[in-house]
Structures are given as structure tokens and as C-alpha cells.
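In: here is the input, now give the coordinates:
(chains A, B, C and D)
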Protein chains: 2
Amino acid sequence: MPDIIQVLRRHGIQATPQRIAVAEYVLAANTHPSADEIWEQVRRRCPTLSRATVYNTLKLFVDKGLIKLQVLKEGTVVFDPRVDAHHHFIDVDTGKIYDVPWKALKVSGEKALRDFHVREYQVIMRGRKRRK
Amino acid sequence: MPDIIQVLRRHGIQATPQRIAVAEYVLAANTHPSADEIWEQVRRRCPTLSRATVYNTLKLFVDKGLIKLQVLKEGTVVFDPRVDAHHHFIDVDTGKIYDVPWKALKVSGEKALRDFHVREYQVIMRGRKRRK
DNA sequence: AAGCGGAAGTGGACATCGTCTAAATATCGA
DNA sequence: TCGATATTTAGACGATGTCCACTTCCGCTT
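Out: Sure thing, here's the model as predicted:
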């Protein structure tokens, strides 16, 4: 965990106790938490942490490429510690978001779109997760 | 336009002046309006229309399959009069949402996903629209 | 036609998400 | 150490969406 500071520095982010706490939580998350969920969780270890700091910090992390903002839920954006390209599956019953590896799907035709210069894309799937 | 009433009835929706006004607007939209945008526009013709009615009406339309709710924007959901499957392209400069025909892209591999039963999917692309 | 009961509409209170600002605090370099 | 800069904080604010109690409307029965 001490190399969290190094990770921040490599992304051009000055390390502060608040930023370290947020980074530790969000980078280790295997869910896709919202800003207020992150605030609530990190505040348990760092009770003076303010809401504005969490929002500022997450925005900074996104700008610096440490995490990625995703529009996957109604009403709020979520943050994704995986910044490499991948797809998403959303369980219609629970609302849970699952990562789908980039190579699991193949999309073709996007190059032929005349009117659009596609910078990035992903497939968003909705359905039910099979119970094991 | 009188057949808006027929359209509503075919979807099991009792026609009222408010619902007709909302349906006329949203079904003719070639944008992807939010609930409050719809409220603002329809209110110009129907000034007593309340905000709660617009939200209730849109939810009813979605439940009855007349329109589709889409999670494409930060902070708000939008409504799509096209209920057939299609993809979306979002201009990163303007935020504008464009429809991309289903047949323009081909996605393969979703059947092989072991853990997920995919009910529906779409490709969401972000980039810049080419100026004509 | 009158009255009843359910459906629909209304206005406002309320909760949540996100932004902004001014003031306080911490940090870094000289 | 000191001062300039960066960061954090608390709270106000606006926007989105839900909820509630009350009113109004509409169809149906008698």
C-alpha cells in the first residue's frame, strides 16, 4: 500500500492524506462505486473528509487518467478503477455492474460510419446473471 | 395527429389531454429529451401541466412500451421515441446523441458469455461528429 | 340526471446528486 | 521561518427525481 503515493505521483497527482485514502478505496474496489458511496466508505477511516474533497479528488483522478468515469446507472455516475477498454453487463434485477473483457466481444462496422469519428466505444448489455 | 389517441389506446394507455400533449411532443422528437426538457416544451402549449404529471406520464409510457428510457447522459435519463434496437453515438463536444442503425454494426461473442443471460445490448460510441 | 368510486392531475415538500464559494488549513520552496 | 500556492472544509445552491395529500375528472350504476 505505500506505493499508492508512487501511483499518484506517476499520474502527476500530489499526494495528500485525503487523496491517498480515496485512492486506496477506489483502486481496490471491484464494484463500480458512486461518489457518495466512496465518501461514505472512506469517511469511516477518515472522518473529517468532506464531501467536496471527495468530488474534487475523483474529478482530479479522472482528469489524470487514474480512474474512469462511467455513465451506467440512472441518477449518478460511477467510477471504474479499470482504465483499459472493456464492456459492461448490468443485472436488471440487482443493478450490479459487471466487467466484460474486451476480447470477449467483437464489434465491426464502426470504421464505416460516415458521419462520426469514433474515439472510443463499448458494448453495454442488460440481462440476468446466471446463478452458479 | 388524431391517431395519437389510437396509438395510446393500442398501448393500453387511457388518453387524456395531458398524455396526448406529452405523446405528441416526445414521439415527434428527433432529439433525446430529458423529463424536464419535455415539461418545459409541452408546458408552452399546456401551461397548467404539472411536473409530477410529466414524470408519471413518461414512466407510464416506458412501462407500456411506447418509448424507451436510456442512460446516456450524466445526471439525467433521456427518452427515446424509437423502441426498436439501435446503437448510440455521443458527440464529446456538444453532448448531442445520435442514433446509429442496428445493421450498421455487428457484435459477436455475446452468446458465449457463460455467466450472463443477455436480454438486450447496444454499442455506445463517443467521439466527434464530422462536419459536413 | 345524480351520485359513487376509481383514475388522473396538481402543487409542494422532500431526498439525492453535483457544483460552487469563501474561508481555513496544509504544503512546498526560497 | 516565511510567504505563496495548493488543498480542504462547510455550507449554500441548483437540478433531478420521488412522494404525498388533495382536488378534479371520468365512466358506470341506479
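
In: mean confidence score for the longest strand along chain A?
Out: For chain A, the strand that runs over the most residues, judged by DSSP state E, is strand A:116-129. Averaged over strand A:116-129, pLDDT sits at 97.

In: disregarding residues adjacent in the polypeptide, which is nearest to the residue positioned nearest the centre of chain A?
Out: Nearest residue to the geometric centre of chain A (C-alpha atoms, centre = their mean): A:Asp80, 1.3 Å. Closest residue to A:Asp80 apart from its sequence neighbours, by C-beta to C-beta, 6 or more residues apart in numbering or on different chains: A:Lys68 at 4.6 Å. All C-beta spots, glycine's among them, are computed from the backbone N, C-alpha and C.

In: surely that neighbour touches A:Val62?
Out: Yes - here A:Lys68 reaches A:Val62: they are 6.8 Å apart, a contact under C-beta atoms under 8 Å.

In: tell me, what's touching the two both at once?
Out: Both A:Lys68 and A:Val62 are contacted by A:Phe79, under the criterion C-beta atoms under 8 Å, 6 or more residues apart in numbering or on different chains.

In: so is stretch A:81-98 next to chain B?
Out: Yes - using C-beta under 8 Å from any C-beta of the partner chain, stretch A:81-98 reaches chain B at A:89, A:92, A:98.

In: neighbour-wise, which of those residues leads?
Out: A:Phe89 (24 neighbours; other C-beta atoms under 10 Å in any protein chain shown).

In: under a three-state scheme, what state does that one occupy?
Out: strand (DSSP: H, G, I helix; E, B strand; the rest coil).

In: how far away is it from A:Gln122?
Out: 11 Å (C-beta to C-beta, to the nearest Å).

In: could I get the phi/psi values of the residue nearest to the centre of chain A?
Out: With angles defined as degrees, to the nearest 10, A:Asp80 sits at phi -120, psi 120.

In: I'd say it and A:Val62 touch.
Out: No - with contact defined as C-beta under 8 Å, A:Asp80 does not reach A:Val62; the gap is 9.8 Å.

In: for the residue of chain A positioned farthest from its centre, what are its contacts?
Out: Residue farthest from the centre of chain A, counting by C-alpha atoms, centre = their mean, is A:Arg114 at 30.7 Å. Listed by C-beta under 8 Å, 6+ apart, the contact partners of A:Arg114 are B:Arg130.

In: start and end of stretch A:30-46, how far apart?
Out: 21 Å (C-alpha to C-alpha, to the nearest Å).

In: same question for stretch A:35-55.
Out: End to end - C-alpha to C-alpha - stretch A:35-55 spans 6 Å.

In: near chain B at all, that stretch?
Out: No - Stretch A:35-55 does not reach chain B (C-beta under 8 Å from any C-beta); its nearest approach is 11.6 Å.

In: does that stretch reach DNA strand D?
Out: Yes - judged by C-beta under 7 Å from any atom of the strand, stretch A:35-55 comes into contact with DNA strand D at A:48-53.

In: still on that earlier bit, pLDDT score assigned to the residue nearest to A:Asp80?
Out: 98.
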